[in-house]
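Enquirer: Below: sequence and its predicted model.
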Amino acid sequence: MNDKVLIVEDQFIEANDLRLMLEKAGYKVCGIARSVPQALELIEKERPGLVLLDIFLKGKQTGIDLAKQLREEHVAFVYLSANSSQDVLAAAKATQPYGFLVKPFREKDLLITLEIARYRHENSLESSLRRESALHKKLDIIRESPVNRDQKLLQCAMALQAFIPFDYFSAVMQLQDGTVVHGQDFLRTGFDEYQHIGPRELAAISGMKEPALNLLHNSMERISKPAFYNDESFRQLTKPAGLHKLVADSFRMGSHMVYPIPFGSGDHFYFHFYSRRPDAYNPAHIALFGRMAPAFTKITEHLAQFGAMETAVAAPFRPSAHGSGFEGIVGSSHLLLNVFDNIAQVAPLDTSILILGESGTGKERIADCIHRLSPRKHKPLVKVNCAALPATLIESELFGHERGAFTGALDKRIGKFEQAHEGTIFLDEIGEMPMELQAKLLRVLQEKEVERIGSRAPIRVNIRIIAATNRNLEKEVAEGRFRLDLYYRLNVFPITIPPLRERKEDIPALVSHFLQYFNRKTGKRITGLSDKALRSMMEYNWPGNIRELEHLVERSILLTRSNIIEEVPIPSLQRKGSAEPAGEERIKTIHENERDHILTVLKKCNGRIWGMGGAAELLNVPPTTLNSKMKKLGIRKEHIS
């Protein structure tokens with residue numbers, strides 16, 4: 001990154017103060033802009049390496065509007081703002097800034113933030129290039145590997161998973177004369193685990209005869225350009241009877257991307273990606289595949305040599321998952337697999353991580369997993385529950401104190417940050433940390449040093465910070481209980497853990513895991529649950545999540561006298577309103593009830609999602625989560641009025 005800095009700030013005094021601070025530190029200020037049009041002119045002329053960007057500017061356009069363009073042009077930017085409302089924070093966060101400074105700030109804060117922004121920008125570009133280079137090499141190895149056609153396709157899919165997420169992958173070859181040669185499909189069933197779906201398997205799952213499936217394959221539209229389909233475009237794609245609709249209905253897919261690779265004289269190989277998420281794909285995925293196209297062209301030419309897509313000597317596929325989990329975390333639902341992908345991507349780096357999720361979802365287990373997969377795994381993992389520490393002791397607990405620093409300080413104490421030197425510190429329930437300590441934590445993050453109470457000598461620490469909370473930190477920031485700049489420093493890589501009610505398909509595997517654990521602990525030999533017991537567990541919404549499930553399984557084992565758990569003591573809360581009136585009234589599904597509830601709240605809020613009194617606040621979920629749920633449940637504006 002070059003040293004040119006552009007200041008986009010409409011307050012003259014503040015802009016001039018910034019200029020003086022930057023020039024004193026050796027930065028070259030290439031201009032001051034008071035509006036977005038002025039900024040665009042200076043960016044075109046000066047090509048700055050970094051932009052300091054106020055959110056509210058002269059004119060109709062805001063700093064957030066400019067940030068979207070800066071992101072597209074790969075120009076680093078840091079927000080400056082005194083406004084920390086929830087709406088502003090959510091809109092700013094969506095642009096993925098490299099930092100956020102809350103006015104007023106110290107000169108040292110400014111310079112450290114710029115250094116961090118420079119580091120993050122350079123490393124994000126370098127990391128992307130390095131990862132793509134590794135992918136190129138991996139594809140070359142796959143092409144030369146002595147395995148059959150299906151294994152090569154599977155290996156290609158697995159190599160792409162970290163770059164282009166999918167739950168279902170399909171490869172189809174179409175010859176110039178229109179002949180469609182069936183490839184093989186793969187359904188993701190676990191982390192790095194896939195199930196082969198051939199024509200016979202697809203026919204059995206969908207209930208359609210193989211000849212009819214062949215007709216669907218042959219009738220697929222021939223396309224020449226890559227494309228992706230999210231939300232409404234995916235619904236339109238899957239309306240007519242066809243292969244896309246069949247895959248979407250059979251495996252509950254919500255978005256799709258297709259990329260054609262031409263080879264030979266007019267032949268094409270089509271790579272189809274499907275995801276259960278409604279908004280999985282974007283132009284960046286198309287661009288990435290485009291950069292990989294030369295490597296895939298070589299692979300497709302190699303695959304075409306098998307002729308009529310015949311399989312060579314058979315080789316075993318990677319086994320399917322049956323609740324085996326990932327690094328000891330049990331489950332294989334698509335929401336949990338997305339978490340596993342995030343962990344695998346970020347664990348080897350030193351990036352700060354913010355784990356979000358309701359109480360009982362297993363945030364501490366995720367932190368353990370990240371540490372075990374990181375280069376710091378042989379160093380300490382120090383855990384601090386910020387909610388459990390008395391306000392009078394938390395500073396001493398975190399930063400330590402010298403002997404005699406205060407009444408009762410009879411010995412020197414080494415704080416948690418020093419204990420975690422060269423390792424990882426896990427700050428659980430970070431949302432409970434008092435405001436005055438948040439400022440000190442921010443300085444630890446920025447300056448990589450701590451100061452014991454009663455000492456004037458700072459101590460350098462080399463630590464990775466993982467924070468977790470069950471609170472909506474955006475709401476906490478908007479209401480003045482959490483610092484905006486600290487939120488942005490922690491929220492470099494957020495990982496959201498889904499609640500158990502959204503991944504109920506993992507309940508049988510979790511129950512089996514807890515049965516084995518408590519059998520060993522209690523000496524019992526419980527072999528399973530009755531259908532009735534399992535059904536009641538699948539119908540319950542688990543407000544306490546996995547922790548509640550664990551306790552309920554333990555209680556059931558202690559109460560059971562046979563080898564089968566016939567009933568489980570589901571809390572009576574879930575029975576509330578369960579008695580249905582006699583008659584032919586249809587029982588609504590969980591998704592239908594959720595949709596009705598969200599619609600009721602939206603109508604009450606006159607369709608407003610964001611901000612104070614908005615639907616997201618009433619439902620106690622982040623606005624982005626509510627938007628995603630609305631898309632998933634098909635809730636549109638016309639339904640609210």
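Expert: Sure, I can see it.
Enquirer: Give me the most central residue, the chain.
Expert: By C-alpha atoms, centre = their mean, the chain has its centre lying nearest to I495, at 4.9 Å.
Enquirer: quick one, what contacts that one?
Expert: Contacts for I495 (C-beta atoms under 8 Å, 6 or more residues apart in numbering) come out as 339, 342-343, 346, 353-356, 366. Placement of C-beta: from N, CA and C, glycine included.
Enquirer: cool, I353 as well?
Expert: Neighbours of I353 in contact, by C-beta under 8 Å, 6+ apart: 346, 370, 465-467, 492-495.
Enquirer: mind listing what A347 touches?
Expert: Residues near A347 by C-beta under 8 Å, 6+ apart: 369-370, 373-374.
Enquirer: export the residues you listed to JSON lines and tack on neighbour count and pLDDT?
Expert: Output for those, formatted as JSON lines (neighbours: other C-beta atoms under 10 Å; pLDDT from 0 to 100):
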{"residue": "C369", "neighbour count": "20", "pLDDT": "95"}
{"residue": "I370", "neighbour count": "27", "pLDDT": "95"}
{"residue": "L373", "neighbour count": "16", "pLDDT": "94"}
{"residue": "S374", "neighbour count": "20", "pLDDT": "94"}
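Enquirer: Looking at the residues you listed, spot the one nearest E429.
Expert: For the contacts of A347, the minimum distance to E429 (C-beta to C-beta) is 17.3 Å, reached by I370.
Enquirer: same for the helix or strand hosting the closest one, what does it pack against?
Expert: Using DSSP states H and E, I370 sits in helix 363-372. If contacts are counted by 3 or more C-beta pairs under 8 Å, 6 or more residues apart in numbering; DSSP states H and E, helix 363-372 sits against helix 334-346, strand 353-356, strand 381-385, strand 424-428, strand 464-469.
Enquirer: what angle sits between that helix and strand 381-385?
Expert: Per axes from the mean of the first three to the mean of the last three C-alpha atoms, to 10 degrees, the angle that helix 363-372 makes with strand 381-385 is 160 degrees.
Enquirer: Helix, strand, or coil at F269?
Expert: Classification of F269 by DSSP: H, G, I helix; E, B strand; the rest coil places it in strand.
Enquirer: related to what we said a few turns ago, out of the helices and strands packed on helix 363-372, which one sits most buried?
Expert: Highest mean neighbour count among the helices and strands packed on helix 363-372 (mean count of other C-beta atoms under 10 Å): strand 464-469, with a mean of 25.
Enquirer: how far does the very next helix or strand once past that one sit from the chain's center?
Expert: Under the assignment DSSP H and E, the closest C-terminal helix or strand after strand 464-469 is helix 473-478. Centre-to-centre, helix 473-478 and its host chain are 19 Å apart (C-alpha atoms, centre = their mean, to the nearest Å).
Enquirer: I'd like to know the average pLDDT value across the following helix or strand past helix 473-478.
Expert: Later in the chain than helix 473-478, the nearest helix or strand by DSSP H and E is helix 484-490. Helix 484-490 shows a mean pLDDT of 84.
Enquirer: same thing with stretch 157-175?
Expert: Averaged across stretch 157-175, the pLDDT comes to 88.
Enquirer: buried set for it?
Expert: Across stretch 157-175, burial judged by 16 or more other C-beta atoms under 10 Å covers 157-161, 163-174.
Enquirer: Need the distance between the two termini of it.
Expert: Stretch 157-175 has an end-to-end distance of 22 Å (C-alpha to C-alpha, to the nearest Å).
Enquirer: Also stretch 470-487?
Expert: Chord length of stretch 470-487, first to last residue, is 14 Å (C-alpha to C-alpha).
Enquirer: Pull out the buried residues from it.
Expert: 470, 472-478, 481-487.
Enquirer: same question, stretch 605-616
Expert: By 16+ other C-beta under 10 Å, the buried positions in stretch 605-616 come out as 605, 609-611, 614-616.
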